[in-house]
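Novice: requesting a structural model of the entry that follows:
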Amino acid sequence: MNTSSDLDTGVRAALNELKLDPTQPLIISDADEVLLQFVAGLERYLDGQGLWLDLQTFALSGNIKHKETDEPVPVEKTPDLLAGFFKAEAGNLTAVDHAAEALDALSNRAQIIVLTNVPTAQRDARAESLARQGMSYPVIANKGLKGPAVSHIADAFTAPVFFLDDIPHNLKSVAESHEESRRLHFIADKRLAKLLPPSEHSHFHSSHWPDAQAFMEAELAAQGF
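Specialist: Sure thing, here's the model as predicted:
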């Protein structure tokens, strides 16, 4: 089990600056492939580098290939490639369809924060990009699994807490750290969604924001919010 004690000190400090009311519902949303079109943006970036993404599996490592030879980029070079992508494009990714409208409607009934594993240096660019596309919410640049960050802020809550992410191990991490949370496995890119079954640690699975919105609204109504 991962706990709040596993939390990066910088992430802890950022979370402690949030002004949240534990008696009101909270939505904690990932950004990539939940609010922002990560894969489409990555593909544009790779194309400019003479590379392409072969969506055979959910992992990026081993699936980024040279256009001329189809040879995969060595796994050990993937982190540097992704770092270059975030530095160049963190502020340029397009919003997922209906995400802004759904969150705007939900904001009348719940507090909303964005918990994203964007590099800390690109946090501001990501926040500005989201705000420019109608999603002006606090953005926390997390490191590692998300369970510790979620438990750090959600353990004090008496109101419902929702968590959205595309990556199964983050859903598992949150399930272990804050079992009471309602977890949504959301993967916007349908090509990517086909590569994974719904997480066993999620309560809902979708690639469509109106459906996710309806699920959360029904859950809120059932609990009197």
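Novice: which strands and helices sit next to the longest helix seen in the chain?
Specialist: Longest helix in the chain by number of residues (criterion: DSSP state H): helix 209-222. When contacts are defined as 3 or more CB pairs under 8 Å, 6 or more residues apart in numbering; DSSP states H and E, helix 209-222 sits against helix 99-106, strand 161-165, strand 182-186, strand 204-206. In this view, the C-beta of every residue, glycine as well, is placed from N, C-alpha and C.
Novice: need the residues that contact it.
Specialist: Outside helix 209-222, the residues that touch it by CB atoms under 8 Å, 6 or more residues apart in numbering are 25, 27, 96-99, 101-102, 105-106, 109-110, 160, 162, 164, 182, 184, 186, 203-204, 206.
Novice: generate a PyMOL selection restricted to the buried entries among the residues you listed.
Specialist: PyMOL command restricting the contacts of helix 209-222 to the buried ones, with burial defined by 16 or more other CB atoms under 10 Å:
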select buried, resi 25+27+96+99+102+106+110+160+162+164+182+184+186+203+204+206
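Novice: can you map out the helices along the protein?
Specialist: Using DSSP H, helices in the chain cover 9-16, 38-48, 78-89, 99-106, 123-132, 147-154, 168-177, 190-193, 209-222.
Novice: can you say which of the ones you listed is packed in most?
Specialist: Highest mean neighbour count of those: helix 147-154, a mean of 25 (counted as mean count of other CB atoms under 10 Å).
Novice: got the CA positions of it in PDB?
Specialist: Provided in PDB are the C-alpha atoms of helix 147-154 (Å, rounded to 0.1, in the frame of the first residue of the first chain):
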ATOM      1  CA  GLY A 147      -2.200   7.300  -4.600                       C
ATOM      2  CA  PRO A 148       0.000   9.200  -2.100                       C
ATOM      3  CA  ALA A 149      -1.100  12.600  -3.500                       C
ATOM      4  CA  VAL A 150      -4.800  11.600  -3.500                       C
ATOM      5  CA  SER A 151      -4.700  10.300   0.100                       C
ATOM      6  CA  HIS A 152      -2.900  13.400   1.300                       C
ATOM      7  CA  ILE A 153      -5.800  15.600   0.300                       C
ATOM      8  CA  ALA A 154      -8.700  13.200   0.300                       C
END
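Novice: I'm done for today, thanks for sticking with me.
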